[in-house]
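Participant: Any chance you could fold what I've pasted below:
(chains A and B)
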Amino acid sequence: MELLLSCVRAFVVGGLFCVIAQLLIDYTKLTPARILVIYVSFGVFLGAVGAFAPLKEFAGAGATVPLVGFGGTVAKGVREAVDKQGLLGALTGGLSAAAGGTAAALCFGYLFALICNGKPKNL
Amino acid sequence: MDKEEYKELVKRRERRSPSPKNCLRAFWTGGLICVIGQLLTELFLTLGMSEKSASTTTTVALIFAAALLTGIGIFDRIARYAGAGTLVPVTGFANSVVSPAIDTKSEGLILGVGAKIFTVAGPVLLYATLSGAVYGVIYYIVSLFL
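Facilitator: Okay, the predicted model is just below:
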């Protein structure tokens, strides 16, 4: 039951993040790349003002799976690193917290680029 | 058809695709990806992982799935239906890394794949790092006075 509820919350919150992005795509001239950048920066902002942790508490993967979660992770990493190392943490915290996802995307990206061939372009 | 009629036709044709339908699609596909993420996280937690590891492993698993689907050419088909539903979750980030990497293979592994793999990932990482660093400095200064 608890699992079902957490899934419903993840579904609704995650879905809403996607709807907002869809509205931005349909009604503004924002390209997908810009939306990703806006979402990740917005995630850092949410983390900075302390709103991301409660959102994550409530929505679970609904908050962490959208790219907003990437930003939230960066903000959390920065805060913890600054607590530990002082000002240097502002530089070291962000990327180390996001290292898992980043390295995964790059390594798998390279791997599949080696294995797969792109569709021949229709010239 | 004269010029005016043609203009009228173009205007009618260029009306954006109906947004309510796109939004509904984005909602359920994006929500579903998050549910898969939630189930994976719960699974990793029951396997005894810490909350942080479970969350990161979920991200890695979703990225792998998106990379695989991109590689075999299925991701694009799903994305055409889902729109922002596959863009906003980490799957969209993974797709934006893998897709240019595959397409630029013919340009070489260094300046082709190596450079173009960052086409979208670069801006995302840059602005994540940048806003993180700005936040870190502000947080440091504020914590000096508290």
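Participant: Relative to B:Leu144, how far out is A:Gly15?
Facilitator: 41 Å (CB to CB, to the nearest Å). Every C-beta, even on glycine, is put in place using the N, C-alpha and C of the backbone.
Participant: These two: which is more packed in?
Facilitator: A:Gly15 (26 against 9; other CB atoms under 10 Å in any protein chain shown).
Participant: Please report phi then psi for the closest residue to the more buried one other than its chain neighbours.
Facilitator: Excluding its sequence neighbours, the residue lying closest to A:Gly15 (CB to CB, 6 or more residues apart in numbering or on different chains) is B:Gly31, at 3.2 Å. Dihedral pair for B:Gly31: phi -60, psi -40, per degrees, to the nearest 10.
Participant: contacting residues around B:Gly31?
Facilitator: B:Gly31 makes contact with A:Ala10, A:Phe11, A:Val12, A:Gly14, A:Gly15, A:Cys18, A:Gly62, B:Gly85 under the criterion CB atoms under 8 Å, 6 or more residues apart in numbering or on different chains.
Participant: And A:Tyr39, by the same measure?
Facilitator: Applying CB under 8 Å, 6+ apart to A:Tyr39 gives the contacts A:Phe17, A:Ala21, A:Pro66, A:Leu67, A:Val68, A:Gly71, B:Val88.
Participant: Settle this for me: the first one is touching A:Pro66, isn't it.
Facilitator: The reference is to A:Phe17. Yes. The criterion here is CB atoms under 8 Å, and A:Phe17 meets it with A:Pro66 at 4.3 Å.
Participant: Give the residues shared as contacts by those two.
Facilitator: With CB under 8 Å, 6+ apart as the test, A:Phe17 and A:Pro66 both reach A:Tyr39, B:Gly30, B:Val88.
Participant: The first one is in what secondary structure piece?
Facilitator: What that stands for is A:Tyr39. A:Tyr39 belongs to helix A:32-48 when assigned by DSSP states H and E.
Participant: ok, and what's touching the helix or strand just after that helix?
Facilitator: Going down the chain from helix A:32-48, the next helix or strand is helix A:52-59, by DSSP H and E. Helix A:52-59 has contacts (CB under 8 Å, 6+ apart) with A:9-10, A:12-14, A:43, A:46-47, A:63-64, A:68-69, A:71-72, A:75-76, B:34.
Participant: contacts for whatever helix or strand comes next after helix A:52-59?
Facilitator: Going down the chain from helix A:52-59, the next helix or strand is helix A:61-64, by DSSP H and E. Taking contacts as CB under 8 Å, 6+ apart, the residues outside helix A:61-64 that touch it are A:9-15, A:17, A:52, A:55-56, A:69, A:72-73, B:31, B:34-38, B:40-41, B:55, B:58-59.
Participant: 7 Å instead, please
Facilitator: Outside helix A:61-64, the residues that touch it by CB atoms under 7 Å, 6 or more residues apart in numbering or on different chains are A:9-14, A:52, A:55-56, A:69, A:72, B:34, B:37-38, B:41, B:55, B:58.
Participant: Just the buried subset of the residues you listed, please.
Facilitator: By neighbour count, with 16 or more other CB atoms under 10 Å in any protein chain shown, those hold A:9-11, A:13-14, A:52, A:55-56, A:69, A:72, B:34, B:37-38, B:41, B:55, B:58 as buried.
Participant: And those, which is closest to B:Gly122?
Facilitator: For the buried ones among the contacts of helix A:61-64, the closest approach to B:Gly122 (CB to CB) belongs to A:Gly69, at 19.6 Å.
Participant: For that closest one, give me the pLDDT.
Facilitator: As predicted, A:Gly69 sits at a pLDDT of 95.
Participant: again with A:Asn122
Facilitator: 46.
Participant: where do the helices sit along chain B?
Facilitator: Using DSSP state H, the helices assigned to chain B run over residues B:3-13, B:19-46, B:51-71, B:75-82, B:84-87, B:90-103, B:115-116, B:121-145.
Participant: my bad, chain A
Facilitator: All helices of chain A, identified by DSSP H, fall at A:2-27, A:32-48, A:52-59, A:61-64, A:67-85, A:89-97, A:99-115.
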